[in-house]
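# one predicted model, sequence on top.
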Amino acid sequence: MSPPPRWREACSAADGDDGARATGAAPTLCKAPGGGSIDAMVVKRRSHEDGHKRKFLVVVDETQECDRAIVYAAHRAEHTQGGLVLLYVIDDQDFRGFIGVEQMMRQEARQAADLTLAKAAARARSVAKVEPELVVSEGVRATEVQKLIERDEDVAVLVLAAGTSSEGPGPLVTAIAGRSSASFPVPITIVPGNLTDDEIAALA
């Protein structure tokens, strides 16, 4: 049986916390104050300092191309003796304004997030010797990605995967790797969505 994932608590500055903490239970859900976009704040990376390690961050969702990012990041983390962080962001716009049922909808969204992250972690373990850190956050995805990178100074690379449909590479790639990439706090790796597992393993 695979060892339990290392869960992390995702907390924003608005909650009065000083960052993400390791915990033995599922991560506490945090809401993004006000939502919307934020300017990337460049925080010095500490991944090469004593007691730290280089981490690869993947934003998990239900798209097919997400699997490509997970496989690549898992291989890179293993080959570089680094870490893998899997982030799932719940879009709070889905249940805002539903008075009386908002809490129930939020709980259902959290359960779906936990299930999706568990599957993503199992996928990562199936291709590489790595134990992912799992983070759940709530708000706008691009904003929550930047906030996590600011909190965790060991995150050194964001790994995304491009969609293969005619509609383009996907909203997250467009939002992060497009206009904001010049000021993004860490390098961004975009994995082509048409690569096979073997092709990714050869590249990673």
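Thanks, I have it.
# could you use CA atoms for every contact and neighbour count after this?
Noted.
# which secondary element of the chain has the worst mean pLDDT?
strand 21-22 (a mean of 34; mean pLDDT, DSSP states H and E).
# just checking, what packs against the next helix or strand after it?
Following strand 21-22 in sequence order, the next helix or strand is strand 55-59 (DSSP states H and E). In terms of contacts (3 or more Cα pairs under 8 Å, 6 or more residues apart in numbering; DSSP states H and E), strand 55-59 is packed against helix 64-79, strand 83-90, strand 155-162.
# a markdown table please, covering these and showing distance to Lys147 and mean pLDDT.
A markdown table is the format used below for the helices and strands packed on strand 55-59 (distance: least, Cα to Cα, whole Å; pLDDT from 0 to 100):
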| stretch | distance to Lys147 | mean pLDDT |
| --- | --- | --- |
| helix 64-79 | 20 | 96 |
| strand 83-90 | 11 | 97 |
| strand 155-162 | 11 | 95 |
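# now render those as a markdown table, adding distance to Leu57 and mean neighbour count.
Output for the helices and strands packed on strand 55-59, formatted as a markdown table (distance: least, Cα to Cα, whole Å; neighbours: other Cα atoms under 10 Å):
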| stretch | distance to Leu57 | mean neighbour count |
| --- | --- | --- |
| helix 64-79 | 8 | 23 |
| strand 83-90 | 5 | 24 |
| strand 155-162 | 5 | 24 |
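# Glu133: which of the ones you listed is closest?
Proximity to Glu133, assessed across the helices and strands packed on strand 55-59 by Cα to Cα, is greatest for strand 83-90 (4.7 Å).
# and that closest one, what does it pack onto?
In this structure, strand 83-90 makes packing contacts with strand 55-59, helix 64-79, helix 102-127, strand 133-138, helix 141-151, judged by 3+ Cα pairs under 8 Å, 6+ apart.
# out of these, nearest to Gly168?
Evaluated with Cα to Cα, the helices and strands packed on strand 83-90 place helix 64-79 nearest to Gly168, the distance being 12.0 Å.
# for that closest one, packing partners?
Helices and strands touching helix 64-79, as assessed by 3+ Cα pairs under 8 Å, 6+ apart, comprise strand 55-59, strand 83-90, helix 102-127, strand 155-162, strand 188-192, helix 197-203.
# phi first, then psi, for the closest residue to Gly170 other than its chain neighbours.
Distances taken as Cα to Cα, 6 or more residues apart in numbering place Gly163 nearest to Gly170, at 5.6 Å, with adjacent residues excluded. When read as degrees, to the nearest 10, the backbone of Gly163 gives phi -70, psi 160.
# which residues touch the residue positioned nearest the centre of the chain?
In the chain, the residue lying closest to the centroid (Cα atoms, centre = their mean) is Leu87, at 2.6 Å. By Cα atoms under 8 Å, 6 or more residues apart in numbering, the contact list for Leu87 reads 57-60, 117, 134-137, 145.
# from Val136, how far out is the residue of the chain positioned farthest from its centre?
Ranking residues of the chain by C-alpha distance from their mean position (Cα atoms, centre = their mean) puts Gly100 at the top, at 30.3 Å. Noted for Gly100: a distance of 23 Å to Val136, by Cα to Cα, to the nearest Å.
# pLDDT at Glu8, what is it?
For residue 8 the amino acid is Arg, not Glu. pLDDT, Arg8: 41.
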